[in-house]
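>>> Dropping a prediction and its sequence here:
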Amino acid sequence: MKASLVYINGEIITVDDMFSVYEAVAVVDNKITAVGSNEEINNWIGMETTVIDLNGNSLLPGFIDAHLHLLNFGLTKVSTNLKACKSIDEVLELLKAKAELTPEGSWVRGWAYNDNNVAENRMPNKKELDSVSTVHPIYIQRSCGHVIAANSKALEIGGITAESLNPEGGEIERVDGAVTGVLKEAARMLVIDQDVYTEQEVFSGLHLAAKDYMQAGITSVHDMGGKGSDHLLYLQKVAKDADFKLRIYTSIVSFDNSSDAIDKTLDASILTGLGNERFKIGPSKLFLDGSITGQTAAMSEGYVTDPTNKGILYKSQDDVNTIMERPHNAGCQITAHAIGDGAVEMMVNCIEHVVNEFPRENHRHRIEHASVCNPELVERIKKLNAVIVINPAFFYDFGDEYVKYIGSKAEWMFPSQSYLEHGVKVAAGSDSPITDFEPLLGIQEIVTRKTKNGTIIGEKECSSLEDAIRIFTINGAYASFEEEMKGSIEPGKLADFVILEGSILNTKPDHIKDIPIKQTVINGEIVYENPVAVMK
């Protein structure tokens, strides 16, 4: 048998146990069949083989983003991007332009707003958003995704009045007793849940999101929840579309933090591992707290900017333990969004509870983000054999804000080196659309921990380039129980690759994020090729 596809003259970074680097790789149909020297792989070349000369460029396993929000990112395509805004007036101008093109009564949405980047250093209030329109429901999401600001029409549709009580795990912001329009954590869902997208918007957004991810070298994603109760059905349906190439490992998310969504899937025998190479069911997930930059992450001590504020915990420890017992006992993976050290400790307590009360081997229970994790928690995580999914690119965009809000505790954020030294399995994700999804930026940040302003946060937690590549490839596969089928370039594994321009192993750390992606391959098929850097 001859190969269908062969790459020669390259830097083939296998990410096998020895981190071997070869010259060439051969693919038969959708599987890797051999790696080795040019001479060895030449034996696989036949009349029908497509041969690509890498000319010294790096070829790596396709990147695995182990934490993002596929549908949410897709839906940003029909929302207004507010990331570059420097004032609330700029925000209002962009929203007004959008409202003029939107039918009366339809939703106007904004995303990526960062109050730290605008002159006013705050969220807009409902009065300001009302100046855009009172006939359109309007809301904008803070860059962290955990806080929104809504106009009067959106608040009315969400049933929020001056008499409304704070929902469990959320806050309806008030000043002198009056609702401001700012909704935090679970309270934001009172409005967001009323905003319904059309199927056309959903599926168009999913395809556009996949296209963007593949252009960044991403071949597999771990979806950690999205808009609406039909989220799982949308992902399952799009994965059956032959034109949709991205591999999906999706979580079962309880956005209202009850057990309802998890119970329904368990009752239907929708368990972790159900599916195939294209679409597979992942963990049952809860939200435990918010975000640091939104000052809603649950911290063991108060924020530097407000020592009386320790953030928001969605649930009690007993409630979390009880909800997670059932998926654990059903053989499922469990996980939770946990940012502050208070929330991380809660999820560590939960995993200890279910594992001790109901022992199970190879559970691979996860903690998403585990952003602020002190040495004591690292020790406990190691004993549990839990998987941690970090978001290193957050340092680049938000690192200086972390120092502002939590001071020296920022040095404990995403402590990849401590995890690795303790033998903890660490995967990584972008949390897209919260921040940039390019894995090369994430790899750079694992190595440098440097903000866009040049601040290095917790230098002792910098890890090697080799470890950073593992975190975005084979460790991502491990986090979804798929390390035997992908995550490294070894015979028998799926032919999922990314080809970079030049040698990543010889690139200066601060320039890793700037390496161009030349080609992305999924299942032995070239799904993206840089039009200005086509290889011969």
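Looks like it arrived, so ask away.
>>> In the sheet, which residues pair with the nearest residue to residue 34 once chain neighbours are set aside? Tell me.
Ranked by CB to CB, 6 or more residues apart in numbering and with sequence neighbours excluded, the top spatial neighbour of residue 34 is residue 26, at 4.5 Å. The way it works is simple: take the backbone N, C-alpha and C, and place the C-beta from them, glycine included. Judged by DSSP bridges, the bridge partners of residue 26 are residue 6, residue 34.
>>> Let me see the contact set for residue 467.
Contacts of residue 467 were listed using CB atoms under 8 Å, 6 or more residues apart in numbering, and they are 416, 420, 446.
>>> Please put the alpha-carbon coordinates of whichever helix or strand the second one is part of into CSV.
What it means is residue 420. Assessed by DSSP states H and E, residue 420 sits inside helix 416-421. Provided in CSV are the C-alpha atoms of helix 416-421 (Å, rounded to 0.1, in the frame of the first residue of the first chain):
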residue,chain,number,x,y,z
SER,A,416,1.7,25.4,34.6
GLN,A,417,5.2,24.7,35.9
SER,A,418,4.0,23.8,39.3
TYR,A,419,1.4,21.5,37.8
LEU,A,420,4.0,19.8,35.5
GLU,A,421,6.5,19.4,38.3
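>>> Going along the chain from that helix, find the next helix or strand for me.
Next along from helix 416-421, by DSSP H and E: strand 425-428.
>>> Quick one: mean pLDDT for that following strand?
Mean per-residue pLDDT for strand 425-428: 98.
>>> Then stretch 249-265?
For stretch 249-265, the per-residue pLDDT averages 86.
>>> Now do the residue nearest to residue 34, the pLDDT please.
98.
>>> so it makes contact with residue 38?
No - judged on CB atoms under 8 Å, residue 26 makes no contact with residue 38 at a distance of 11.0 Å.
>>> Those two: who's more crowded?
Shown here are residue 26 and residue 38; by other CB atoms under 10 Å, residue 26 has more neighbours (27 against 14).
>>> Please tell me how far that one sits from residue 308.
As for residue 26, its distance to residue 308 is 63 Å (criterion: CB to CB, to the nearest Å).
>>> Over to residue 254?
Counting by CB to CB - residue 254 and residue 308 are separated by 29 Å.
>>> before we move on, what about residue 13?
Counting by CB to CB - residue 13 and residue 308 are separated by 49 Å.
>>> What score does the residue nearest to residue 438 when sequence neighbours are not counted have for pLDDT?
Counting by CB to CB, 6+ apart, residue 438 lies nearest to residue 216, which is 4.7 Å off, once chain neighbours are set aside. Residue 216 is assigned a predicted lDDT (pLDDT) of 98.
>>> got a list of what residue 216 touches?
63, 437, 438, 439, 440, 517.
>>> for residue 462, same thing?
So residue 462 contacts 417, 446, 447, 448, 449 (CB under 8 Å, 6+ apart).
>>> Assess the claim that residue 106 and residue 135 are in contact.
No - when contacts are counted by CB under 8 Å, residue 106 is not listed as touching residue 135 (9.6 Å).
>>> So between residue 13 and residue 308, which is more surrounded?
residue 13 (23 against 6).
>>> And the closest residue to residue 530 other than its chain neighbours, how far from residue 59?
Using CB to CB, 6+ apart and skipping residues adjacent in sequence, the residue nearest residue 530 is residue 518, 5.1 Å away. Separation of residue 518 from residue 59 (CB to CB): 9 Å.
>>> Need the overlap of contacts for those two.
499, 500.
>>> So the two - more neighbours on which side?
Using other CB under 10 Å as the criterion, residue 518 and residue 59 rank with residue 59 on top: 27 against 24.
>>> what's across from the more buried one in the sheet?
On DSSP bridges, the residues paired with residue 59 through beta bridges are residue 12, residue 499.
>>> wait, it sits on residue 497?
Yes - Residue 59 lies in contact with residue 497 (CB under 8 Å); the separation is 5.6 Å.
>>> Please identify every residue contacting each of those two.
7, 25, 489.
>>> how many other residues sit next to the closest residue in space to the last one that isn't next to it in sequence?
Taking CB to CB, 6+ apart as the measure, residue 489 lies nearest to residue 14, with 4.3 Å between them; neighbours along the chain are not counted. Counted with other CB under 10 Å, the neighbours of residue 14 add up to 22.
>>> Now do the same contact list for residue 14.
Residues near residue 14 by CB under 8 Å, 6+ apart: 20, 21, 22, 35, 61, 488, 489, 490.
>>> Pull the number of nearby residues for residue 503.
15.
>>> sorry, back to before: and the residue nearest to residue 438, its phi and psi?
Residue 216 adopts backbone torsions of phi -90, psi 0, taken as degrees, to the nearest 10.
>>> okay, and for the stretch 401-536 of the chain, where does confidence drop off?
533-536 (pLDDT under 70).
>>> And the strands in it, which stretches?
425-428, 497-500, 517-522, 525-529 (DSSP state E, counting those that start in this stretch).
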